[in-house]
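Engineer: need coordinates for the following:
(chains A and B)
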Amino acid sequence: MKRTKVIDILKSTAFGSEVTVMGWVRTKRDSKTIAFIAVNDGSVIHNIQAVVDVANFDTELLKSISTGACVSITGTLVQSQGKGQSSEIQAKKIEVFGTADDTFPLQKKGHTLEFLREIAHLRPRTNTFGAVLRVRHHLAYGIHKFFNDKGFFYLNSPIITSSDAEGAGEMFRVTTLDMDKLPRKDGKLNFEEDFFGKETNLTVSGQLEGEAAATGIGQIYTFGPTFRAENSNTPRHLAEFWMIEPEAAFNDINDNMDLAEEMLKYLVKYALDNCADDLTFLNNMYDKDLLNRLNTVVHSTFKRITYTEGVDILEKSGHKFEFPVKWGIDLQREHESFLVEHFKTPVIVTGYPKEIKAFYMKQNEDGKTVRAMDVLFPYVGEIIGGSQREENYDKLKARILEMGIDEKTLWWYLELRKFGTCPHAGFGLGLERLVLFITGMTNVRDVIPFPRTPKNAEF
RNA sequence: UCCUCAAUAGCUCAGUUGGUUAGAGCACCUGACUGUUAAUCAGGGGGUCGUAGGUUCAAGUCCUACUUGAGGAGCCA
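Structural biologist: Numbers count the residues shown, from 1 in each chain, chains lettered A, B, ... in the order given. Below is the predicted model of the structure:
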């Protein structure tokens, strides 16, 4: 008999009809004549309860069904005689696909998230990770839907790049050279003998290629894996994470802010609308203020301030910061948190000093600041970083030279300004930080299936 | 990379000023129970105290190094 997913069984009112559920046993409670098996198949956070008349089944078969076992149960869908659920399955036939012996590490009681990270291959069988993974899926889908509906095209930017001038972080090298016999030329590694004939790395950003596409087909977004070889050990950093980078021709910094704010609100609302059960579970188990916080963001207006205004607020706050505030310094995490707390809403900061931002950002008329923007969120901090791009060839080239970047590797990026240049802007959204905010989890390692962090690539 | 903290049963933890045979709850096994809800009740098995050194008559406990993990900082999404 064809299986019915738990999500559909729970919605069904076809009492008396026969259904087959396949899934993993969460708990079994038994007495002399009756047993109850709670089965979860991941389609929804809730379990379906199968009621077993012990007399009708082989004792050994029932004994082999323990927490973690995978079973197929066929029976009659009935209204529950007990409290706690409205419907259940009166079992007629039980097949055990796979038992789980006493070494199965997931028990019915709670586990710490740290322990579950060590058994990432089994995490999806828990309520928490089922919820997080489903929310993550819906958000990914919502992102595609949002941009598609706005006329943005999904761009597959390359994962292997030779660009090393983006300044976005340390990179992972990609090579097919024999590590035991590295070719040398004039004392240096000879990358001419490498697969691509030059030094290549995993991408730290698809932005530059995104700009190339946007200055041809107008509006694009990338959505793919991104790699940073930074030795970052924080709850907000991963060596491999997923980034969404929209880029739009003819957008200025204000359009860019509008897009970011609209997108974030859309996605939070999308999650609330499509992941109600999972978010309710997370709200109850981890953070009683989660749903309230999400609703607040949907109905908020993000506070937009300039870097200069931000520094002013921090200086006048009278608050003692570990890192003293002065115009010109980069905002520290304590400063960002203060601003978010100060306005009690997401904050967008623009107009940073050019010295602390990337070479490609559009320079303002004051000669001191650039049209950068950081979107700061409660709990997760910087969730988006972006800017209007410098579209003036001479200014961009001057900035590249000023910062000591090798312009040769950026020849094609400069040509975007040489031929039919146009104003444009974009930003990068860290998917894990968004999922973090929306699920109420507190560590990005718990919102990606198999986290990659320094000293950890087990699975 | 820097700072702080931690590591004891499968899991979560307790273990006093260093002192006999290292404990509990859950999980697991056995038994009881006719509708349970992280079922309940009774009994049972289960440990190289992260690793390597050191101090001491004696180390889970003190010291050193290392490993791993967590939090904070930096870097950033």
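Engineer: residue of the stretch 1-150 of chain A with the smallest distance to RNA strand B?
Structural biologist: At 2.5 Å from RNA strand B, residue A:82 is the closest residue in the stretch 1-150 of chain A, using CB to the nearest atom of the strand. Quick note: C-beta positions are derived from backbone N, CA and C, even for glycine.
Engineer: so is the closest residue to residue A:12 other than its chain neighbours in a helix, a strand, or just coil?
Structural biologist: Counting by CB to CB, 6 or more residues apart in numbering, residue A:12 lies nearest to residue A:77, which is 6.2 Å off, once chain neighbours are set aside. Counting by DSSP: H, G, I helix; E, B strand; the rest coil, the backbone at residue A:77 sits in strand.
Engineer: what about residue A:77, neighbour count?
Structural biologist: Using other CB atoms under 10 Å, residue A:77 is surrounded by 21 other residues.
Engineer: that one touches residue A:20, doesn't it?
Structural biologist: No - applying CB atoms under 8 Å as the test, residue A:77 and residue A:20 come out as separate, 10.5 Å apart.
Engineer: just the element for residue A:96, please.
Structural biologist: Assigned by DSSP states H and E, residue A:96 belongs to strand A:87-98.
Engineer: so that strand, near RNA strand B or not?
Structural biologist: Yes - with CB under 7 Å from any atom of the strand as the criterion, RNA strand B is reached by strand A:87-98 at A:88, A:90.
Engineer: buried residues in the helix or strand just after that strand?
Structural biologist: For strand A:87-98, the succeeding helix or strand toward the C-terminus, using DSSP H and E, is helix A:113-118. By 16 or more other CB atoms under 10 Å, the buried positions in helix A:113-118 come out as A:113, A:116-117.
Engineer: just stretch A:74-91 next, same as before
Structural biologist: A:74-75, A:77, A:87-89, A:91.
Engineer: outside of that stretch, which residues touch it?
Structural biologist: Stretch A:74-91 has contacts (CB atoms under 8 Å, 6 or more residues apart in numbering) with A:1, A:9-10, A:12-21, A:37, A:48-53, A:57, A:73, A:92-94.
Engineer: try stretch A:5-22
Structural biologist: Under CB under 8 Å, 6+ apart, the answer for stretch A:5-22 is A:1-4, A:23, A:39-41, A:43-44, A:46-48, A:50, A:70-79, A:87, A:89, A:92, A:97.
Engineer: hmm, which of the contacts of stretch A:74-91 are the buried ones?
Structural biologist: Buried members of the contacts of stretch A:74-91, scored by 16+ other CB under 10 Å, are A:9-10, A:19-21, A:37, A:48-52, A:57, A:73, A:92, A:94.
Engineer: just flag the most distant two among those.
Structural biologist: In the buried ones among the contacts of stretch A:74-91, two members sit farther apart than any others by CB to CB. They are A:10 and A:57, at 24.0 Å.
Engineer: and chain A, what are its domains?
Structural biologist: Domain assignment for chain A by automatic domain parsing gives A:6-98, A:123-168+A:204-446.
Engineer: buried deepest among those, which one?
Structural biologist: Of all the domains of chain A, domain A:123-168+A:204-446 has the most neighbours on average by mean count of other CB atoms under 10 Å, namely a mean of 18.
Engineer: close to RNA strand B, is it?
Structural biologist: Yes - Domain A:123-168+A:204-446 comes into contact with RNA strand B (CB under 7 Å from any atom of the strand), by way of A:167-168, A:205, A:228, A:230-239, A:241, A:243, A:323, A:330, A:332-334, A:381-385, A:428-430, A:432-433, A:442-445.
Engineer: sitting in strands, which of the residues you listed do you find?
Structural biologist: Among those, DSSP state E puts A:241, A:243, A:381-385, A:428-430 in strands.
Engineer: contacts only, for residue A:96.
Structural biologist: For residue A:96, the contacting residues are A:61, A:64-65, A:69-71, by CB under 8 Å, 6+ apart.
Engineer: and those, which is closest to residue A:133?
Structural biologist: The closest of those to residue A:133 turns out to be residue A:70 (CB to CB; 18.1 Å).
Engineer: give me the contacts around the worst-scoring helix or strand of chain A on mean pLDDT.
Structural biologist: Lowest mean confidence among the helices and strands of chain A (mean pLDDT, DSSP states H and E): strand A:188-189, at a mean of 86. Outside strand A:188-189, the residues that touch it by CB under 8 Å, 6+ apart are A:177, A:182-183.
Engineer: quick one: secondary structure of the residue of the stretch 1-150 of chain A closest to RNA strand B?
Structural biologist: Secondary structure state of residue A:82, per three-state DSSP, is coil.
Engineer: quick check, pLDDT for it.
Structural biologist: Here, the pLDDT recorded for residue A:82 equals 86.
Engineer: cool, and residue A:166?
Structural biologist: Looking at residue A:166, its pLDDT is 58.
Engineer: quick one: the helices in chain A?
Structural biologist: Under the criterion DSSP state H, chain A carries helices at the ranges A:6-11, A:59-63, A:113-118, A:127-149, A:207-217, A:253-274, A:276-285, A:290-298, A:307-316, A:333-343, A:393-402, A:411-418, A:431-439.
Engineer: switch the ones you listed over to CSV; also include mean pLDDT.
Structural biologist: Listed next are the helices of chain A as CSV, based on pLDDT from 0 to 100:
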stretch, mean pLDDT
helix A:6-11, 96
helix A:59-63, 89
helix A:113-118, 93
helix A:127-149, 97
helix A:207-217, 97
helix A:253-274, 98
helix A:276-285, 95
helix A:290-298, 95
helix A:307-316, 95
helix A:333-343, 94
helix A:393-402, 94
helix A:411-418, 96
helix A:431-439, 96
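Engineer: and the ones you listed as TSV, adding distance to residue A:373?
Structural biologist: TSV is the format used below for the helices of chain A (distance: least, CB to CB, whole Å):
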stretch	distance to residue A:373
helix A:6-11	40
helix A:59-63	61
helix A:113-118	32
helix A:127-149	18
helix A:207-217	14
helix A:253-274	6
helix A:276-285	28
helix A:290-298	17
helix A:307-316	10
helix A:333-343	13
helix A:393-402	18
helix A:411-418	21
helix A:431-439	16
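Engineer: re the thing from before, can you put the domains of chain A in TSV and add distance to residue A:104?
Structural biologist: TSV is the format used below for the domains of chain A (distance: least, CB to CB, whole Å):
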stretch	distance to residue A:104
domain A:6-98	4
domain A:123-168+A:204-446	10
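Engineer: can you tell me how far the nearest residue to residue A:454 once chain neighbours are set aside is from residue A:204?
Structural biologist: Excluding its sequence neighbours, the residue lying closest to residue A:454 (CB to CB, 6+ apart) is residue A:231, at 5.3 Å. Distance of residue A:231 to residue A:204, computed by CB to CB, to the nearest Å: 15 Å.
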